[in-house]
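Undergrad: Have a look at this prediction, sequence included:
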Amino acid sequence: MAEDKPKVGGMMVEEGPWGVPAADSAANQSIRDVVGNKSDVRSDTASQASLVAVLRQTLYQAGIVERHHHSGERWFGAAASASGETHIADRIGAGAATAEAGPLVVTAGNDDWGTWTQILGSTDTPADGGSATHFDLHRLVVRAAGDTAQEYFIQIALQENAPGDDPGASDAYTEIEIISAGVGALATIAPIDLQAPRATAGTKVWMRTRAPNQNTSTLSITIGIHEYSE
């Protein structure tokens, strides 16, 4: 009696290099192992993933990038009624015309970094009605600066707790440098682009600043984010 050939999902698996391997096989003995099975889970583990798994991972990542670039922005200022570390910021366009969110304020130290100030709370995102799973910081506007033509260093961290004195390898953060244009006026005429790590919705965001050669100085800012789902 002839031996039954193996099956995958009810489909007969032919033997030889062009047969269909079992799903998610890590074997690397023939052409079929390299090509893979249509049921392979997406993966970019080069030493084990089939071409099908790599292709599925590539399409998945491309979809995230597409949704990121074609999603709307949400802009935030200081919350009218902040609550602990959960609610820190209101959307600038959500209030009535006479109750728009004001800027978030961070203060520099004495020719040193100021303390970390929270600028987004754990319930401030998602702000798209609840469907977004991720966000990243997109742009920043400095509405007012404490000093004219002043250099400011800015660090922004996206994590549960503020970093220590200096953020390290375990911290998710970004940093930029700006030079203010004026005191008490729009310190930056156009939004400043930010390059920052992607964060899960609900992640807290912290910011601090330093104004070299100043014993203290403030920045009043609004922050813009992109939200999207995987």
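TA: Noted; the coordinates are in hand. None of these values were measured; they are calculated from a predicted model.
Undergrad: any idea how the protein splits into domains?
TA: Domains of the chain are assigned by automatic domain parsing as 7-68, 72-228.
Undergrad: quick one: the spatially most central residue of the chain and Ala157, what's the gap?
TA: Against the mean C-alpha coordinate of the chain, by CA atoms, centre = their mean, the closest residue is Arg198 at 2.0 Å. The gap separating Arg198 from Ala157 is 14 Å, by CB to CB, to the nearest Å. Quick note: C-beta positions are derived from backbone N, CA and C, even for glycine.
Undergrad: overlap in contacts of the two?
TA: Shared contacts of Arg198 and Ala157 (CB atoms under 8 Å, 6 or more residues apart in numbering): none.
Undergrad: so Asp147 makes contact with Ser180?
TA: Yes: at 6.4 Å, Asp147 and Ser180 qualify as touching, with contact defined as CB atoms under 8 Å.
Undergrad: other SSEs contacting the biggest helix by length in the chain?
TA: Longest helix in the chain by number of residues (criterion: DSSP state H): helix 51-69. In this structure, helix 51-69 packs against helix 31-35, strand 218-228, with contacts taken as 3 or more CB pairs under 8 Å, 6 or more residues apart in numbering; DSSP states H and E.
Undergrad: Redo those as a markdown table? Include mean neighbour count, distance to Ala62 and mean pLDDT.
TA: Below are the helices and strands packed on helix 51-69 laid out as a markdown table (neighbours: other CB atoms under 10 Å; distance: least, CB to CB, whole Å; pLDDT from 0 to 100):
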| stretch | mean neighbour count | distance to Ala62 | mean pLDDT |
| --- | --- | --- | --- |
| helix 31-35 | 16 | 21 | 82 |
| strand 218-228 | 22 | 13 | 93 |
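Undergrad: Dump those into JSON lines; add distance to Leu59 as well.
TA: Converted to JSON lines, the helices and strands packed on helix 51-69 look like this (distance: least, CB to CB, whole Å):
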{"stretch": "helix 31-35", "distance to Leu59": "16"}
{"stretch": "strand 218-228", "distance to Leu59": "16"}
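Undergrad: between these, which one is nearest to Ala101?
TA: Nearest of those to Ala101, taken as CB to CB: strand 218-228 at 7.8 Å.
Undergrad: remind me which residues of the chain are low pLDDT?
TA: Scanning the chain for pLDDT under 70 picks out 1-18, 68, 95-99, 182-189.
Undergrad: Now the terminal residues of stretch 81-101, how far apart.
TA: Stretch 81-101 has an end-to-end distance of 10 Å (criterion: CA to CA, to the nearest Å).
Undergrad: contact partners of that stretch?
TA: Stretch 81-101 is touched from outside by 74-80, 104, 118-124, 127, 204, 222-223, with contacts defined as CB under 8 Å, 6+ apart.
Undergrad: tell me the most buried of the domains of the chain?
TA: Of all the domains of the chain, domain 72-228 has the most neighbours on average by mean count of other CB atoms under 10 Å, namely a mean of 17.
Undergrad: where does it sit relative to the chain's centre, distance-wise?
TA: Relative to its parent chain, domain 72-228 has a centroid offset of 14 Å by CA atoms, centre = their mean, to the nearest Å.
Undergrad: Use 877 as the first number for this chain going forward.
TA: Sure, I'll start numbering at 877, so the last one becomes domain 948-1104.
Undergrad: which stretches of the protein form strands?
TA: Ranges of strands in the chain, per DSSP state E, are 883-884, 887-888, 949-959, 963-967, 980-983, 993-996, 1010-1021, 1027-1034, 1049-1055, 1068-1069, 1075-1076, 1081-1086, 1094-1104.
Undergrad: Quick one, which of these gets closest to Asp1042.
TA: strand 1027-1034 (8.8 Å).
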